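*Asks:* got a sequence here, can you model it:
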Amino acid sequence: MKNWSFLLLFLVVAYFSAAQSDLASITIKTSSQCEMCKKRIEKGMRLQKGVKSAELNLENHTLTVVYNPRKSTPQKIKVALTKIGYDADDMLADPKAYNRLPDCCKKNNHKQ
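*Replies:* Next up is the predicted model:
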């Protein structure tokens, strides 16, 4: 019985280890400004297909996203960020989404 328990435990650990190794990570420079941006971006990113986690660093305005590369791509993640209203590296925010942001979330010199 101990052998079966050990085998089952080993298979479960191996399965979850393999699943974690299939994930990829991307770091994106954003136009985030405040805590409201952080909440909005992290929530919006978690709703994207294939995204496992999203963490915004407000000090350096970077978003780190862990995702399943079989379900998403860096390009899709960046486009999703622009549709939330924020710049993603060299991609400008979607103008309509940007205009819906509260004033505290807008860049000072944003030209759209």
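
*Asks:* stretch 62-77: end-to-end distance?
*Replies:* 13 Å (C-alpha to C-alpha, to the nearest Å).

*Asks:* same check on stretch 91-101?
*Replies:* 17 Å.

*Asks:* and it, what's buried?
*Replies:* Residues 93, 94, 98, 101 are the ones in stretch 91-101 that count as buried (16 or more other C-beta atoms under 10 Å). Every residue, glycine included, has its C-beta placed from N, CA and C.

*Asks:* what would those look like in TSV with distance to residue 51, pLDDT and secondary structure?
*Replies:* Formatted as TSV, the buried residues of stretch 91-101 follow (distance: C-beta to C-beta, whole Å; pLDDT from 0 to 100; DSSP: H, G, I helix; E, B strand; the rest coil):
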residue	distance to residue 51	pLDDT	secondary structure
93	19	97	coil
94	18	97	coil
98	21	96	helix
101	21	96	coil
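
*Asks:* now, which of these sits nearest residue 72?
*Replies:* Of all the buried residues of stretch 91-101, the one with the least separation from residue 72 (C-beta to C-beta) is residue 94, at 18.2 Å.

*Asks:* residue ranges in this structure under the pLDDT threshold?
*Replies:* Within the chain, the segments meeting pLDDT under 70 span 1-21, 109-112.

*Asks:* tell me where it has helices.
*Replies:* Ranges of helices in the chain, per DSSP state H, are 2-21, 35-46, 74-84, 95-100.
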